[in-house]
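Student: I'll drop the sequence and a predicted model, then ask my questions.
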Amino acid sequence: MIKVGVLGARGRMGAEVCRAVEGADDMELVAAVDQDDVRDPLAAADVAVDFTHPDAVMDNVRWCVEHGLHVVVGTTGFDASRLDTVRSWLTAHGKGNVLIAPNFGIGAVLMMHFAQKAAPFFESVEIIELHHPNKADAPSGTAHRTAELVAAARGEAGTGPSPDATTAELKGARGADVDGVRVHAVRLSGLIAHQEVLLGGHGEVLTVRHDSMNRESFMPGVLLGVRSVAGLPDRLTVGIESLLGL
Ligand SMILES: NC(=O)c1ccc[n+]([C@@H]2O[C@H](COP(=O)([O-])OP(=O)(O)OC[C@H]3O[C@@H](n4cnc5c(N)ncnc54)[C@H](O)[C@@H]3O)[C@@H](O)[C@H]2O)c1
Ligand SMILES: O=C(O)C1=N[C@H](C(=O)O)CCC1
């Protein structure tokens, strides 16, 4: 039986995780904490799951690593510097692995994978992410990671920069620049989480799109992460691609 603690338990995702853990035959929910709650109950867990806020997650991960817990992190906002900081905590503390994934949706992970594979074959690549208006960060962690994967694949293949003749721009019109890939963020009532990767070539456009229709759709990936984190080969793993054999 895997003992699980949830951080952000009263949030949109955290509440969904609590339900998923309680519905899993091989798991027990031993702690459900949220903002301003003491974290001590988490010490009874084997695995902590964090779906909080980019401004809160680092202190939560530090606490969990210091207490020897495995941590599955869905909260977004991780850049290379933050990942290096997590690595330093893991080096200082011998127990526990950390799995950080901007998206636990199986379809979303496949979308990123397909985009990464296709990107070197097209002159232009841009990303449009679309989310509910209650989202704190922009662009999404998924779009940020997709852009990083696309840029790396294009760099390895020697694919040049996407053509862009823009010389006069209203600030923000061309979106965010992530490693040379333009990322556009839409916030709209009625949406959950959606992303399109647009790949343009000579006389053709390939669109790779994923739609998360509800937050339950993320749970198979979250539960996979909870079941897998203890046995991962590295102390820090980013993304669940390796858990899916990709
Ligand atoms: N990886 C994924 O698959 C995935 C999917 C959806 C959302 N997310 C990310 O998860 C995060 C949360 O999204 P959400 O929609 O659930 O947000 P939310 O605002 O609904 O929930 C966040 C919860 O965390 C709580 N919280 C804030 N600070 C805290 C702290 N220090 N300790 C404990 N709890 C704290 C809040 O009170 C709130 O209940 C965001 O970063 C979002 O981008 C990731
Ligand atoms: O609802 C959110 O917030 C989501 N955040 C993640 C991201 O930032 O990529 C995953 C999709 C939903």
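Tutor: Structure received. Treat the numbers as computed from the prediction; the structure is a model and nothing was measured. Numbering: from 1, shown residues only. Ligands and ions are numbered 1, 2, ... in the order given.
Student: give me the three-state assignment for the residue lying closest to residue 194 once chain neighbours are set aside.
Tutor: Once flanking residues are discounted, residue 194 sits nearest to residue 130: 4.2 Å by C-beta to C-beta, 6 or more residues apart in numbering. Where you see a C-beta, it was placed from the backbone N, CA and C, and this is true even at glycine. Secondary structure assignment for residue 130 (DSSP: H, G, I helix; E, B strand; the rest coil): strand.
Student: pLDDT score for residue 130?
Tutor: Model confidence at residue 130, given as pLDDT, is 98.
Student: that one touches residue 189, doesn't it?
Tutor: No: using C-beta atoms under 8 Å as the test, residue 130 is too far from residue 189 to be in contact (11.4 Å).
Student: these two - which one has more neighbours?
Tutor: Neighbours per residue (other C-beta atoms under 10 Å) separate residue 130 from residue 189, with residue 130 holding more: 19 against 7.
Student: can you pull the contacts of the more buried one?
Tutor: Applying C-beta atoms under 8 Å, 6 or more residues apart in numbering, we find residue 130 in contact with 185-188, 191, 193-196.
Student: and if we set it to 7 Å?
Tutor: 186, 188, 191, 194 (C-beta atoms under 7 Å, 6 or more residues apart in numbering).
Student: anything in the longest helix seen in the chain near ligand 2?
Tutor: For the chain, the helix that runs over the most residues, judged by DSSP state H, is helix 141-157. Yes: remark: helix 141-157 sits within contact range of ligand 2 at 141-142, by C-beta under 6 Å from any ligand atom.
Student: check contacts around residue 128.
Tutor: Residue 128 neighbours (C-beta under 7 Å, 6+ apart): 184, 186, 195-196, 198.
Student: go again with 6 Å.
Tutor: If you count contacts by C-beta atoms under 6 Å, 6 or more residues apart in numbering, residue 128 has them with 184, 196.
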